[in-house]
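Using only what follows, build the 3D model:
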Amino acid sequence: MNNHRDQNQHTVPPVPFDPELHPTLEKLGPPHENAPASADQIPRWRTHLATADPTLDELRDRGRFEIHERLVPGPAGAPDVSLLVARPAGLYEGAPVIYHMHGGGLISGTSRTGMETILREWAEPLELVVVSVDYRLAPEFPYPASIEDCYAGLVWISRHAAALGGDPQRIVIVGGSAGGGLAAALALMARDRQGPRLIGQLMMCPMLDDHNDSLSAHQMAGRGVWDRHANDLGWASLLGEARGSAHVSVYAAAARAADLSGLPPAYVDVGAAETFRDENVLYATRIWQAGGDAELHVWAGGFHGFDQLAPHTNIARDARHARFRWLCRLLSR
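Below you'll find the model as predicted:
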């Protein structure tokens, strides 16, 4: 059975990309040009990505948003965790809180990554406090550094949300790609440790499974953005020799969790033409099978991160609007 499956993985044709996305893909080049292929390329890739991150002044947008950074206690025996706290100017007290974990394959990114979109498209119209965590990155800091930093930040927010103008009983965790995988793991950790109450988890093309061996991973290898070869590097950086073994924790790779019951309502979206498609579809399916609440969107022709890299396209607009509408429904419960 496994041999037949492996053979099919290598012969199945790739999913076509949405025609509107072709110019962006041509500009980016193949995955081996737009993502790191080995550990020695990680520093250069981090530097390249950092040029796209907004500055604090850019996030403030001439007073449109109140932005500050603060250090909070980290995990036991570890350094403090840096949080970026943001809110629309003049926001009322007791607003819902978005707790954000950035993407970057577990090996790159900062608390400012992706924040412009969150502030303008969610925080302002929905009147939200947003807190983004600057968790430690692999390979310098392997598992469990990143998820424990995220959990420490969540605990601090739940205890101090009121001082930030937020409601500690209305926290939604959010993440894309690696950040989406951390959000899934954080929901499991909060449940299992009887930690802060969460009202929702929004996971955009989350990185969930260190096995990296799904049909979609093989099907889209060498195509799009962040294919299985780059994904191998991300997981190996986090887990080292443990990757793919029986010793990997569910808090490292949420797809390994046997029990997905008792989780907050989940939103999962993914492109049909990307590595993470199958593991994301399976994760949402297993939440339903456990009696949970999940909404799943698979965007036909979408590559990994298409909504961020090609925001002008119709498919990107639809994906972003669908997330917004889910948040609206969630916050109105």
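
so where do the helices sit in the stretch 151-300 of the chain?
For the stretch 151-300 of the chain, helices defined by DSSP state H, counting those that start in this stretch occupy the ranges 178-192, 215-219, 228-239, 277-289.

Would you mind listing where the chain has pLDDT under the threshold?
For the chain, the stretches with pLDDT under 70 are 1-10.

Let me see the contact set for Met101.
Met101 is in contact with 132-133, 135, 150, 173-175, 178-180, 182-183, 186, counting by Cβ atoms under 8 Å, 6 or more residues apart in numbering. From N, CA and C alone the C-beta is placed, and that goes for glycine too.

which among the residues you listed gets closest to Thr55?
Each of the contacts of Met101 was checked against Thr55 using Cβ to Cβ; the closest is Ser132, at 14.2 Å.

Check which helix or strand the closest one maps to.
strand 129-134 (DSSP states H and E).

burial count for Tyr99?
Here the count is done by other Cβ atoms under 10 Å, and Tyr99 has 27 residues near it.

Kindly report the same for the one 5 residues further on.
For Gly104, the neighbour count with other Cβ under 10 Å is 21.

With the one 10 residues further on instead?
Residue neighbour count, defined by other Cβ under 10 Å, stands at 27 for Gly114.

How about it, nearest residue that isn't a chain neighbour?
His102 (5.8 Å; Cβ to Cβ, 6 or more residues apart in numbering).

on that earlier part again, the strand holding Ser132 pairs with which strands, parallel or anti?
strand 81-88 (antiparallel), strand 95-101 (parallel) (DSSP bridges).

Redo the ones you listed as TSV? Include distance to Ala255.
Output for the strands paired with strand 129-134, formatted as TSV (distance: least, Cβ to Cβ, whole Å):
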stretch	distance to Ala255
strand 81-88	25
strand 95-101	17
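
Comparing the helices of the stretch 151-300 of the chain, which stretch has the densest surroundings?
When those are scored by mean count of other Cβ atoms under 10 Å, the highest mean neighbour count falls to helix 178-192 (a mean of 26).

starting at the chain centroid, how far to it?
Distance of helix 178-192 from the chain centroid (Cα atoms, centre = their mean, to the nearest Å) equals 10 Å.

Ok, stretch 67-84 next?
Distance, stretch centre to chain centre, for stretch 67-84: 20 Å (Cα atoms, centre = their mean).

and that stretch, which residues are buried?
67, 72, 74-75, 81-84 (16 or more other Cβ atoms under 10 Å).

with those residues in mind, which one is nearest to Arg286?
The nearest member of these to Arg286, counting by Cβ to Cβ, is Pro75 at 28.3 Å.

Quickly note the distance from the closest one to Val248.
Between Pro75 and Val248 the computed distance is 19 Å (Cβ to Cβ, to the nearest Å).

and the end-to-end length of stretch 29-36?
End-to-end distance for stretch 29-36: 13 Å, by Cα to Cα, to the nearest Å.

Now do the helix ranked longest in the chain and strand 95-101, the angle between them.
Longest helix of the chain, by residue count under DSSP state H: helix 314-331. Helix 314-331 runs at 130 degrees relative to strand 95-101, counting by axes from the mean of the first three to the mean of the last three Cα atoms, to 10 degrees.
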